[in-house]
Every structure is written in structure tokens, then in C-alpha cells.
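Peer 1: What shape does this take:
(chains A and B)
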Protein chains: 2
Amino acid sequence: MLEINADRLLSDLYELRKIGTYKTGVHRPTLSPDDMTSRHWLVDKLKAFGHDAEIDGIANVVGRAPGDGPHILSGSHIETQNQAGWLDGALGVIYALEAARAVAESGAFGGSGVDVIAFADEEGHFADMPGSHSWVGALAEEKIDKAVDRTHGMPLRDALAKAGLAGRPRLQMPKDRYLCFLEAHIEQGGWLEANDLTIGVVTSIVGIWQYRIVIEGSQNHAGTTMMSMRRDAGVAATRLLQTIEREFPKVAAELSVWTAGRITLDPGAPAIVPGGAEILFQFRDAESAVLDRMHIKLQELVDAENADGPCGVRLEVVSTNKPAVMDDTLKAAFTSAAEQVCPGRHTLMPSGAGHDARTLAPYIPCGMLFVPSIDGVSHHWSENTADADIVAGCRVFAGAIGDLLAAARG
Amino acid sequence: MLEINADRLLSDLYELRKIGTYKTGVHRPTLSPDDMTSRHWLVDKLKAFGHDAEIDGIANVVGRAPGDGPHILSGSHIETQNQAGWLDGALGVIYALEAARAVAESGAFGGSGVDVIAFADEEGHFADMPGSHSWVGALAEEKIDKAVDRTHGMPLRDALAKAGLAGRPRLQMPKDRYLCFLEAHIEQGGWLEANDLTIGVVTSIVGIWQYRIVIEGSQNHAGTTMMSMRRDAGVAATRLLQTIEREFPKVAAELSVWTAGRITLDPGAPAIVPGGAEILFQFRDAESAVLDRMHIKLQELVDAENADGPCGVRLEVVSTNKPAVMDDTLKAAFTSAAEQVCPGRHTLMPSGAGHDARTLAPYIPCGMLFVPSIDGVSHHWSENTADADIVAGCRVFAGAIGDLLAAARG
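Peer 2: Model (predicted):
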């Protein structure tokens, strides 16, 4: 099994953590000075052991291993949410870096290797994963023209120019160079920890279906309108949401999730019976059949609330996507490596969050591996993973890469 | 029975409606140029038949009938909500004006009469009914110093100066001059209309108890946090509100009302499990015992949701007040006059909204009379009442005043 250098792995992660430190986490929004420092740092790290590395026109960092044999592409993202954690994205990039070094140093894979990639803006400061979309040729120039930073409003074009990237070509994934794309990531949830597990082998990245539920009642004086004469949109909204809570478990799968993230009552005043309500609702599952069942049930419950009255209720679809299924051979390689590193302490599981691997899955076989998040925390500066889990995860990740490259070379 | 001049009544209401016209309603916010025009218009109307009338230092219009015999005080407010109806407040002022004229013209009440008052800012542009509070001696100078217009932010002091009222004394209710205070108003709800009634004789102005319900859960990623591990503050909020909808009818009275006017989820994003929720909740009833029962039930339901988990739930009292009970003799006088004007088409009913009579009730006997609101609409420019109902209401109102003055004179 391909072995890594655990001290070097941790030391690189700690070094990267110092760029844009915020409390125990980091603040490296896309194309900020600290983000660009981290990208240049990564280029230097890649060049140091012989990779041909550069930052392209959308700020993707691409490091190419020498040789014309079968290669594996691996990485994640290096920028962070605002005032967020030190491992979200960074872990996957440094795992790829360490695996690439381990492969290069082993001397057993001449002509093959691991290309390392740090995609730009997976965290969506400017757009929906523009880095990985650019890489697969699915990012139009007009999309870049229109994108602005969601925090400060700076246009993406200006931010790229300020970072010194204006006019640089955007690199696209070469045809036939890669066996697969492999991405490691922190779980961002508490499932592994709660079940005392070290490794999650991702089966698929869930489909996310988002809705707006719009309720129309009658706005009235909260003192002079008797209960029997009301058409209270807020009461209809809470009744519908409670019905969903009761009915969804009957059609959902074990790991399905559903969330009403926002409820807005109109006009939202203490002494006015709400005349309108809007609910932002979404559900996720790794299987299309389950997503279909939940959609049908949701439409059915909305229709029933609408028919029963007294308020009008309608369902608007905001967005849907299909689950991105991970490759069976890659899942088997991760599982086999995990059984060697931490026997019995690994599981197959869906990814409830989106990742760059979702963007690449329609183009090449993809595999993902999770390590535990302490208390399930992510998108917060207190996000963390035990050093032992970080090391175990990288041993499994690099071990699988070694096995896959060996198998490809026959 | 004292008779009114129906044509003059309607003509005065139509004239007043022309000051600050907005669509079919009016826009006369407190101390606006149109509001001041309407106050001066009222002063002129009062002087025209021998009342001693003035605008005082808080903008109350006070018109005093001649004579030292028993007097009745009557009126309401003349300013409106923004872009609101033509009758809310104005109806009660013009009923008082017409009743005062009818008494003066009848020649049968020498030495007695009806003083007319238009209280300032019942609609709360600057403060909680400052006009009626000033009149009963319950408005401190500091309260005026601090008050600002809720729409434009202008300090009340500046608005008073701009209206030419700076330095004017504030008039207070004379001791022992009045038998009672009588206020007519549109219902602002749909109860009279739905029951095919013309007159509502108010039994009491409801007590309003307002609360903030605060829910603490755990903010999490909506994709990676399994349902079983969530502490979703939004789910707790909707469950509690639905439990209230189910349980409140068991302790409420027939005409009790309760309302959740606002639900706020924190952070309110589509892909984040809400970590916090706040509900603005209020209930109203005309009887203290019923208010007490509803409070106990609400606390019980909040405590149960808190104990059952998974979220912490607590109840914060924002404000409470007691129902203001209307005087029995005055209710009987209205009912008797209503039975003559519209036999069988009158009812006793609580007022679900607050009125200036609430402020005066602790000081002198108060009575209120309602006429129907078409479709129950108020605080909107489309607010209206049928002319026939306007006339019938004033006949009942003035009839009762004639009976009460006659009885007082022995």
C-alpha cells in the first residue's frame, strides 16, 4: 500500500491555516489577497517536487505530474466561506498534494502520477462553482461578466484583474489523460462521529430540489376580525409545514433531509392577520426515485392544503438536479484501502452537500472520501477534525490512489 | 327622540373626505398640512353654531357648548393611517358634531349640551394615543420630547411647531363637567355585516396581551445534518403554533382572537437548518378571566414544547392591558335608541381594536357604538360604510344623547 508522510501532511495543513487566520479557522474568500497567497503557496509546493504548476484565468491552480502514462486528477478548493473553517476544501487539496508526492517519491509509477487541482470559488462567493465548470468547459464568458461578489458586490472581472489574472487563458480538462477524479473532504455533518467511524466512502452527491411555497390569505385587523372569518396565511403555512413533518418520513429514505429555511409572513406586523406567506423549502436525497417520491408527496400536501382552504396555496419549483453517482470501482478502492487502515470503521454514505466532484461526474468517473467533522460543525471558524482522523483519511486516500494507478498500469 | 339632519351629516362627511383625498379614501397623517386643515375646518364648523372651539398644544380640537348644565363629551379622532379610509375616526367626530348641533337646535336642553373633541394621533403616528392621554392628564412632557413620526422620523416637537402649535397650552378634561364620554366608530371587522346587523353596542374594549416567543435550536448545514440529529428552531416554531391553534379554542371565549403576526427564522437561508426562531404573538378578549386562561394555556404549551425538546423555548411578555368596560347605563341608552331606529338589528359586542375611549374609561363613564364596515375592511383606502348605515348610526347615537341629557336634567 502506498504510504504517505504524515508529518509533512499535517505540517502543510498547518502552514496553509496561517494564511488568513481567523480565530482557530481562516478567512480566505475567493480572490482575496489571502486566497491568492494560498494559491501561489500551492504552486510553489507543487513545483518543489517537479510538478508543472500554474494559476489559470479563473484562478484554478493546476499542477501536472510528469509522464504520459495514466494519471489521476485529484483536489478540491482552497478558498473558504467568510470567517470559516480551516479544513473545508483545504483538506482535499493537501491530500491530493501529499498523494502526488507519495506517488512521485515511490518510484513505482514511472510515467503515471497525480495531477493536483484547486478549483476556484467552490464556496460560491461569485457564482455556482465557476472553477470546476470552467475546467469541464461549461462556463460561458457571459457568466463571468455578470458575476459579482455576494458580500461586497465586486464584479468577478475586477476581482480577477486585481488578482493579476486578467487575460490569462482558462485551462480545460485534457481528453483521455485521466482515469478518474478523486476528492477528499470533511463530512460537514455529524454522522461519522455519531457512529464512531473514521472514513465515509461517498456513494453519490445528493440531488437538491428547491421550492417556494406561496400562500395567499386575507390581510385583516388582528383585533376586529373574528377567528371564524379569517384567512390567515401564517396559520396555513404552519399547518402545511407540520403536515410535511408528519408525512415526509413515510416516503423519504433513511438519509433523506428536508428543510424549511425561511418563513416570511406579509406584512409581518404584530397586530395584522397575515395576508400572505412564503416558505423556502428544499429536500435532498442520493436517489432519483426518492426525490421523485418526495416531490409527488409535497405537491399532494400543497394541493390538499389549497383544496381544504381557507387560503390559496401553490408550489413553485426553484431548482432541481440529479444525484451525481460515484463510480463503483473507485468506491471499492476506497473501501478496500479503508479496511486496511481502519478495519470496520468505514461506511458507504451519500454526500448531503454539493462539491466540485458533482460538476465533474458527468465527464469522468468520480470518487469521494469523507473524514469526520468534530460535532458536525462546518462553515464556522470552530470547524475541526482530529489529527489522527486527518492522517488516517490521507492514508486511505493515497492508498487507493496507489492501488488504482497500479491496476491501470497492469 | 332627538332627531338629526341626515343631509347635513353626510354633506359634512363628504366635505371632510375632500381634505387629503387618496383614491376613495384619505391620507391625513397626524400634524400633516391636510390634518391641520381638517382640524381648522372642524373648529370653524363648531364655531358656526355657537361652540367655543380651539386647537390645543397637542393638536386636540375641543369644542365647548355654552351653559353650565350637565354636558356630554363626544368625539373620536380626525387624522388617519397613511393612505387609509375616510371614516375611521372621522365618523365619530362628525356624529358628535351633528349630535351637538341637534341638541343646540332643539332648544329643549338649555344650559346642557355636547362638547365635541377630536383627539390627536389616535392612529399612533407619533405615540400611543397622545391626544386622549394628554386630555386625562396622563401625558408627560418627556414623552412628547421623545416621540418621532414612525414614517418619516420627524420629532413630535418639530411637527407641533411646524403646525403652529408650539407653546400652546394642553387642555385637560374639566372636573365634574361631563356625564360621560361617547364615541362612535366603524366596526373595522365583518361581524355586523355577516350577521345582517346595523348597530353594535360595545360592551368593552378588549385587553391586548402581546408576547415574543423565542426558540433556540442549532444552526446546521441543511444537506449534511441528518434529520435525527437536528434541533430545527423552525420546526419547533410551527409545531408550537399548530398546538396553539388546536388548544386555544378550549380556553378561549366565543369572540377571543389570537394572532401570530410574524415568524422570523435565523439565519433564514434556504440551505441552513434554522438555529433560532422568534414569533410575535398576541391575543385579545373583553374579559380578564378569559385573558388569564389564555395566558396560562400559552405558558403551559411553551413549557411543554421546551420540555419535550429538542429546542429551548421561552415566553417573553411584551405588554398586557386590562379590558376597558363600557358603562351599563350608556349601553342601555344606545340599545334603547337602536331598538327604535332599527328594531332587532343591533347587538352587544366587544371592540377588538383600541380606541380613545379606552384611555378615558378609567376617568369617566364611557360608551361606544359601531356601524358596519363593508367587507370588514379598515386601515385601507377602500374602507367604506353604506350611507343608510351611516345615517342610522347617527340617529341612534344622537337619540341616546338626547335621552341621556333629558334624564340628567330630570
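Peer 1: can you list the domain ranges for chain A.
Peer 2: Here chain A is described, according to automatic domain parsing, as comprising the domains A:6-205+A:324-409, A:207-319.
Peer 1: Redo the ones you listed as CSV? Include mean neighbour count and distance to B:Lys250.
Peer 2: All C-beta spots, glycine's among them, are computed from the backbone N, C-alpha and C. Formatted as CSV, the entries for the domains of chain A read as follows, by neighbours: other Cβ atoms under 10 Å in any protein chain shown; distance: least, Cβ to Cβ, whole Å:
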stretch, mean neighbour count, distance to B:Lys250
domain A:6-205+A:324-409, 21, 40
domain A:207-319, 19, 13
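Peer 1: of these, which approaches B:Val116 most closely?
Peer 2: The minimum distance between B:Val116 and those falls on domain A:207-319, with 25.1 Å, by Cβ to Cβ.
Peer 1: so how far is that closest one off the chain centroid?
Peer 2: How far domain A:207-319 lies from its chain's middle: 27 Å, per Cα atoms, centre = their mean, to the nearest Å.
Peer 1: Which residues are in contact with the residue of the stretch 251-400 of chain A found nearest chain B?
Peer 2: Scanning the stretch 251-400 of chain A for the residue nearest chain B gives A:Gly352, at 3.4 Å (criterion: Cβ to the nearest Cβ). By Cβ atoms under 8 Å, 6 or more residues apart in numbering or on different chains, the contact set of A:Gly352 is A:188-189, A:206, A:255, A:257, A:284, B:221-225.
Peer 1: Angles on the backbone of it, please.
Peer 2: Reported as degrees, to the nearest 10, the phi and psi values for A:Gly352 are phi -80, psi -20.
Peer 1: Where does A:Glu193 sit, in terms of helix or strand?
Peer 2: Taking DSSP states H and E as the criterion, the element that holds A:Glu193 is helix A:191-194.
Peer 1: wait, does that helix contact chain B?
Peer 2: Yes - Helix A:191-194 lies within reach of chain B by Cβ under 8 Å from any Cβ of the partner chain, at A:191, A:194.
Peer 1: coming back round to it: list just the nearest of the contacts of A:Gly352 to B:Gly234.
Peer 2: Once Cβ to Cβ is applied, the member of the contacts of A:Gly352 that ends up nearest B:Gly234 is B:Ala222, at 10.9 Å.
Peer 1: residues contacting that closest one?
Peer 2: With contacts taken as Cβ under 8 Å, 6+ apart, B:Ala222 has the following neighbours: A:257, A:259, A:261, A:282, A:284, A:352, B:270-273.
Peer 1: Of those residues, which belong to strands?
Peer 2: If you go by DSSP state E, the contacts of B:Ala222 have A:257, A:259, A:261, A:282, A:284, B:272-273 in strands.
Peer 1: Out of these, which one has the lowest pLDDT?
Peer 2: Sorting the ones in strands among the contacts of B:Ala222 by pLDDT puts B:Ile272 at the bottom of the list (91).
Peer 1: Does A:Ile213 touch A:Val313 like I think?
Peer 2: Yes - at 6.8 Å, A:Ile213 counts as touching A:Val313 under the criterion of Cβ atoms under 8 Å.
Peer 1: Show me the beta-bridge partners of A:Thr259.
Peer 2: A:Gln282 (DSSP bridges).
Peer 1: my read: it touches A:Phe283, true?
Peer 2: Yes - here A:Thr259 lies in contact with A:Phe283, judged by Cβ under 8 Å, at a distance of 7.5 Å.
Peer 1: What segments of the stretch 51-200 of chain A are helices?
Peer 2: With helices called from DSSP state H, counting those that start in this stretch, the stretch 51-200 of chain A shows them at A:90-106, A:130-135, A:141-146, A:156-162, A:191-194.
Peer 1: who does the shortest one touch, helix- and strand-wise?
Peer 2: Other elements packing on helix A:191-194 under the criterion 3 or more Cβ pairs under 8 Å, 6 or more residues apart in numbering or on different chains; DSSP states H and E are strand A:199-205, strand A:346-351.
Peer 1: If we use 10 Å, what do you get?
Peer 2: In this structure, helix A:191-194 packs against strand A:199-205, strand A:346-351, strand A:366-371, with contacts taken as 3 or more Cβ pairs under 10 Å, 6 or more residues apart in numbering or on different chains; DSSP states H and E.
Peer 1: okay, the ones you listed in TSV with mean pLDDT and distance to A:Gly402 next?
Peer 2: Formatted as TSV, the entries for those read as follows, by pLDDT from 0 to 100; distance: least, Cβ to Cβ, whole Å:
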stretch	mean pLDDT	distance to A:Gly402
strand A:199-205	97	16
strand A:346-351	96	17
strand A:366-371	98	14
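Peer 1: Export these as JSON lines, with columns for distance to B:Ala338.
Peer 2: Below are the helices and strands packed on helix A:191-194 laid out as JSON lines (distance: least, Cβ to Cβ, whole Å):
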{"stretch": "strand A:199-205", "distance to B:Ala338": "71"}
{"stretch": "strand A:346-351", "distance to B:Ala338": "70"}
{"stretch": "strand A:366-371", "distance to B:Ala338": "76"}
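Peer 1: do you know which of these lies nearest B:Lys175?
Peer 2: Taking Cβ to Cβ, strand A:346-351 is the member of these nearest to B:Lys175, at 78.4 Å.
Peer 1: Can you check what pLDDT the model gives A:Arg150?
Peer 2: Looking at A:Arg150, its pLDDT stands at 89.
Peer 1: Looks like it contacts A:Asp128 (just checking).
Peer 2: No - here A:Arg150 lies out of contact with A:Asp128, judged by Cβ atoms under 10 Å, at a distance of 11.4 Å.
Peer 1: so what's A:Asp52 up against?
Peer 2: When contacts are counted by Cβ atoms under 10 Å, 6 or more residues apart in numbering or on different chains, A:Asp52 is found next to A:46, A:62-66, A:115.
Peer 1: try it again with 6 Å
Peer 2: Taking Cβ atoms under 6 Å, 6 or more residues apart in numbering or on different chains as the contact definition, A:Asp52 lies against A:Arg64.
Peer 1: Contact residues of the stretch 151-300 of chain A facing chain B?
Peer 2: Neighbours of chain B within the stretch 151-300 of chain A, by Cβ under 6 Å from any Cβ of the partner chain: A:188-191, A:221-227, A:229, A:234, A:238-239, A:241-242, A:257, A:259-263, A:265, A:268-270, A:272-273, A:280, A:282, A:284.
Peer 1: okay, the angle between the helix or strand hosting A:Val396 and helix A:90-106?
Peer 2: Under the criterion of DSSP H and E, A:Val396 resides in helix A:387-409. With axes from the mean of the first three to the mean of the last three Cα atoms, to 10 degrees defining the directions, helix A:387-409 sits at 50 degrees from helix A:90-106.
Peer 1: Quick one: mean pLDDT for helix A:387-409?
Peer 2: 97.
Peer 1: Starting from B:Ile401, give me the distance back to A:Trp258.
Peer 2: The gap separating A:Trp258 from B:Ile401 is 62 Å, by Cβ to Cβ, to the nearest Å.
Peer 1: Return the nearest residue of the stretch 51-200 of chain A with respect to chain B.
Peer 2: Distances from the stretch 51-200 of chain A to chain B, computed as Cβ to the nearest Cβ, single out A:Gly189 as the nearest residue at 3.2 Å.
Peer 1: residues touching that residue, list them.
Peer 2: Taking Cβ under 6 Å, 6+ apart, we find A:Gly189 in contact with A:376, B:224-225.
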